[in-house]
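>>> sequence first, predicted coordinates after that:
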Amino acid sequence: MHAPLRLTILAALFASLLICSVLPGTAADGSADDNARILAGVMPRADSPLAGLTREPGWQQHARSFDGAWKNLETRQLSKIRAWSTKNMISPHKAMFYMFSGPDFLYADVFFPEAATYVLSGLEPVGRIPDVSRLRRGSLAGTLAHIRSSLGSVMNYSFFITKHMRSQLRSGEFTGTLPLLYVFLARSGKTISDVSLVTLDKEGVEQPASETLVKGAPSGVKIAFAGSDGKPRTLYYFSTDLSDGGVADSGFLKFCGRLGDADSFIKSASYLLHSGNFSKVRDFLLAQSATVLQDDSGIPVRYFAPDRWELRPFGHYVGPIGIFPGRYQRQLSDIFRRAPPIDFGVGYRWRLRESNLLLAKKKP
């Protein structure tokens, strides 16, 4: 055998052995949906090349843990929010915006189940597209435990704790928001058909992501999926600076504007829209939104002009939590005086009988 041919065969054999040694029973061609289901502790399709991972004790423990957590969350929160949304979120629009969301598709979906296009945004990085077949041998259990830890606050309190998320999304085998978006999609019964990394030019036109991003350009992911109804839907998440300086040339607001009138959701937003440094996003939401659903950390109520907006309060307004002094709104106290109760918790005031939601509908 000629030496070059022998070397070629040996190289191919070594590569195949290397792939097989990453994790037993896996292959690098598992679909995005298969990967999402593995990370979410949900059985993949029977013929999935990743199905062998479900025999590992670490995955089985992960699945049991998530099964219990999601059952509790469904009873305590999600079923009640769905009932509230069905009753109150009538005439939904095709697009929904969720600024300052981080990877919180969970609450975007449960409050706005009819949206066709979801646009989430925050500072948190996107990360690489997860491929569990490339995990180092023996690392699956630790990776799944890290995901459970990263989701702890949003499942218990309804929001991500920013300072914790910064470190959690930058460590572990899978970094960024994508693994958590995968979990929420799979656990919400969605089927992922395609995932691609994207960016935006200054005119807000979507572009394939390149290795080197233009300075200030949003880093994003586009996920095509369907729910139980089979209707095609799209989820975008953009890692981008939403301050006035950040959105000035990023193209992000132009991209959102191309989607037309939308429903907007603001929750646990650190009262950033109370600041003069986020006036462009605030003005955009007021101009582009047909409805705004928010807790008191969203747009200050004084910006909802009575001749343009109908306000419907739900729950109880008791003011901001202690780490946000100076954000009390006396006008909200008056508005919520006769508000109907809600039977779930949401936002920084996540305990029952402390949570508030304001549904603002733009008048014709």
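Yep, that arrived.
>>> for the residue nearest to residue 234 when sequence neighbours are not counted, give its distance to residue 223.
Closest residue to residue 234 apart from its sequence neighbours, by C-beta to C-beta, 6 or more residues apart in numbering: residue 117 at 4.9 Å. (C-beta placed from N, C-alpha, C; glycine too.) Noted for residue 117: a distance of 11 Å to residue 223, by C-beta to C-beta, to the nearest Å.
>>> output the lowest mean pLDDT helix or strand found in this protein.
Taking mean pLDDT, DSSP states H and E as the measure, the helix or strand of the chain with the lowest value is helix 3-22, at a mean of 39.
>>> that older thread, more neighbours: residue 117 and residue 223, which one.
residue 223 (24 against 17; other C-beta atoms under 10 Å).
>>> mind listing the residues bridging to the closest residue to the more buried one other than its chain neighbours?
Excluding the flanking residues, the one nearest residue 223 by C-beta to C-beta, 6+ apart is residue 235, at 4.4 Å. Counting by DSSP bridges, residue 235 is bridged to residue 118, residue 223.
>>> which residues does residue 235 contact?
The contact partners of residue 235, taken as C-beta atoms under 8 Å, 6 or more residues apart in numbering, are 105, 117, 118, 120, 181, 185, 222, 223, 225.
>>> now, which of those residues sits nearest residue 362?
residue 117 (19.1 Å; C-beta to C-beta).
>>> pLDDT wise, what is the closest one at?
pLDDT, residue 117: 99.
>>> returning to what we had before: and the next helix or strand past the least confident helix or strand of the chain?
Per DSSP states H and E, the first helix or strand lying C-terminal to helix 3-22 is helix 32-40.
>>> pull the CA atoms of that next one into PDB?
Listed next in PDB are the C-alpha coordinates belonging to helix 32-40 (Å, rounded to 0.1, in the frame of the first residue of the first chain):
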ATOM      1  CA  ALA A  32     -31.800  20.700  16.400                       C
ATOM      2  CA  ASP A  33     -35.100  19.300  17.700                       C
ATOM      3  CA  ASP A  34     -33.300  16.200  18.900                       C
ATOM      4  CA  ASN A  35     -30.700  18.300  20.700                       C
ATOM      5  CA  ALA A  36     -33.400  20.500  22.300                       C
ATOM      6  CA  ARG A  37     -35.300  17.500  23.600                       C
ATOM      7  CA  ILE A  38     -32.100  15.900  25.100                       C
ATOM      8  CA  LEU A  39     -31.300  19.200  26.900                       C
ATOM      9  CA  ALA A  40     -34.900  19.500  28.100                       C
END
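>>> quick check: mean pLDDT across that helix?
Across helix 32-40, the average pLDDT comes to 97.
>>> can you list contacts of it?
30, 43-45, 48-50, 53-54, 59, 66, 129-132, 144, 147, 174, 179, 182-183, 185-187, 191-195, 223.
>>> switch to 7 Å and redo it
The contact list for helix 32-40 (C-beta atoms under 7 Å, 6 or more residues apart in numbering) reads 43-45, 48, 50, 53, 66, 130-132, 147, 179, 182-183, 185-187, 191-192, 195.
>>> just the buried ones from the residues you listed?
Neighbour counting by 16 or more other C-beta atoms under 10 Å classes 44, 48, 50, 53, 66, 130-132, 147, 179, 182-183, 185-187, 191-192, 195 among these as buried.
>>> if you look at these, which of them are in strands?
Using DSSP state E to define strands, the subset of the buried ones among the contacts of helix 32-40 located there is 191, 192, 195.
>>> got CSV for the residues you listed, with distance to residue 261 and pLDDT too?
Shown next, in CSV, are these (distance: C-beta to C-beta, whole Å; pLDDT from 0 to 100):
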residue, distance to residue 261, pLDDT
191, 28, 98
192, 27, 98
195, 27, 98
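>>> how close does residue 52 get to residue 140?
Distance of residue 52 to residue 140, computed by C-beta to C-beta: 11 Å.
>>> tell me how many other residues crowd residue 213.
Neighbour count of residue 213, defined by other C-beta under 10 Å: 12.
>>> residues touching residue 357, list them.
Taking C-beta under 7 Å, 6+ apart, we find residue 357 in contact with 293, 295, 314, 315, 342, 346.
>>> at 6 Å what do you get?
Residue 357 sits next to 314, 315 when contact means C-beta atoms under 6 Å, 6 or more residues apart in numbering.
>>> wait, a strand at it?
Yes: assessed with DSSP: H, G, I helix; E, B strand; the rest coil, residue 357 lies in a strand.
>>> in the sheet, who's paired with it?
Residue 357 forms beta bridges with residue 314, as assigned by DSSP bridges.
>>> quick revisit: out of residue 52 and residue 140, which sits in the more crowded spot?
residue 140 (22 against 15).
>>> do you know how far that one is from residue 278?
40 Å.
>>> repeat for residue 61
42 Å.
>>> who has more neighbours out of those two?
More crowded of residue 61 and residue 278, by other C-beta under 10 Å: residue 278, with 22 against 15.
>>> wait, isn't that one in contact with residue 272?
Yes: using C-beta atoms under 6 Å, residue 278 is in contact with residue 272, at 4.9 Å.
>>> which residues are common contacts for those two?
Residues touching both residue 278 and residue 272 (C-beta under 6 Å, 6+ apart): there are none.
>>> how about the helices in the stretch 251-364 of the chain?
For the stretch 251-364 of the chain, the helices defined by DSSP state H, counting those that start in this stretch cover 252-257, 279-288, 330-335.
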